[in-house]
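1. Below are the sequence and a predicted model for it; my questions follow.
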Amino acid sequence: MNAIVKPRRPWLAVLLSLITPGLGQLYCRRPMRAAAWYLVGAGGGFTVYYLMSQGILAPTLAVQWVFYVTVAVFFVAMLADAWLLAKRMGAVTLAWYNRWYVYLLIPLSLNLASLALPPKPTFEHFSMPSASMNPTLVVGDMFTVATSVYKNSPPRPGDVVVVRKEEGGRSFVKRVVAVAGDRVQMKDGRLYINGAMVEREKLGDYNDPGNGTGSAVLTLYRETLPNGRSYQIAELSDKEFFDNTPEFQVPPDHIFVLGDNRDSSMDSRAPGEFGFIALAHVEGRVAKITGSLDSSRIGIEVQ
């Protein structure tokens, strides 16, 4: 069989490279070079995908800019390499893989292989715009939210969750304190669940001028729910607007939520303004702080 010799066209090398990284180099009979370009591109993309899906990397503005610039540099370098390689090589003896159906089969095969990747990331990223969850989350904190954790089981008392009051509405961050069937009431600043006062231990002063109460100093407590979940809350006093409420009974498929900054939070204590939250409007559980104006907070697991 006579060998087939054909010229390498730079524009076609560039076009193939746009379809799949390294395909232009393969067109120019440089399979190892093609594999290297593909592995760099795919490996970098998978690494970013994995870090974000696990909540390790937050999509801050700086991270996004670095990502976009890196991708741009990669593609410019790869396309330039394919163009110059085709121009320099001129005509080549075709290898077995220099066929149109191979160029078509490779992208299709790689797309099928991508189906074996982990499913859509189960973490999303949010930022804290208000002081309603101090001291657990403060203004400027960025955090990950596990969005698939409640697919098979409902939220538990003690979970910090992202919720919406209604479908398509604004997102809020609150703590679940009661679930369907529970009775909830505030009496003189103390939380009661099913008629029993929730345990609360005083820890000391909490200094934060931006806490939203008008006072720079609050009192810090450790509150422990009947199921043993424990967390910190901040109080201005036990005589504020929502410190005495009627008793609420949580309806089926709903939860009752409070802010950890009890005297600077609109939550389920306000039935006309906020009220119970339907399970269908729970977006996920807050997992980890990934960014903050206070670098010492980065990496903290939210309890």
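-> Okay, I see it.
2. For this protein, give me the ranges with low pLDDT.
-> For the chain, residues meeting the criterion pLDDT under 70 lie at 1-2, 49-50, 52-61, 113-121.
3. Centre-most residue in it?
-> Centroid check for the chain by CA atoms, centre = their mean gives E124 as the closest residue, at 1.9 Å.
4. A strand includes that residue, no?
-> Yes. Assigned with DSSP: H, G, I helix; E, B strand; the rest coil, E124 falls within a strand.
5. For it, name its beta-bridge partners.
-> Taking DSSP bridges as the rule, E124 bridges to V145.
6. Quick check: the gap between it and S148.
-> Going from E124 to S148 by CB to CB, to the nearest Å gives 10 Å. To be clear about C-beta, it is placed using only N, CA and C from the backbone, and glycine gets the same treatment.
7. again, but for E167
-> Between E167 and S148 the computed distance is 19 Å (CB to CB).
8. if I read this right, the residue nearest to the centre of the chain contacts T144, doesn't it?
-> Yes. With contact defined as CB atoms under 8 Å, E124 counts as touching T144 (7.1 Å).
9. name the element K288 belongs to?
-> Element membership for K288 (DSSP states H and E) is strand 282-291.
10. returning to what we had before: so which of E167 and S148 has more stuff around it?
-> Using other CB atoms under 10 Å as the criterion, E167 and S148 rank with S148 on top: 13 against 8.
11. Tell me who's in contact with the more buried one.
-> Contacts for S148 (CB atoms under 8 Å, 6 or more residues apart in numbering) come out as 122, 284.
12. Let the chain start at 56 from now.
-> New numbering, starting at 56: the last item is S203.
13. any idea how far the closest residue to V312 other than its chain neighbours lies from P212?
-> Leaving out its chain neighbours, the residue that sits closest to V312 by CB to CB, 6 or more residues apart in numbering is K229, at 3.6 Å. From K229 across to P212, the span is 12 Å (CB to CB).
14. between these two, which one's more packed in?
-> K229 (26 against 19).
15. Confirm that the more buried one sits in a strand.
-> Yes. Looking at K229 with three-state DSSP, it is inside a strand.
16. biggest helix in this structure, by residue count?
-> The longest helix of the chain (DSSP state H) is helix 116-144.
17. which helices and strands does that one pack with?
-> Contact here means 3 or more CB pairs under 8 Å, 6 or more residues apart in numbering; DSSP states H and E; on that basis helix 116-144 packs against helix 65-74, helix 78-82, helix 86-108.
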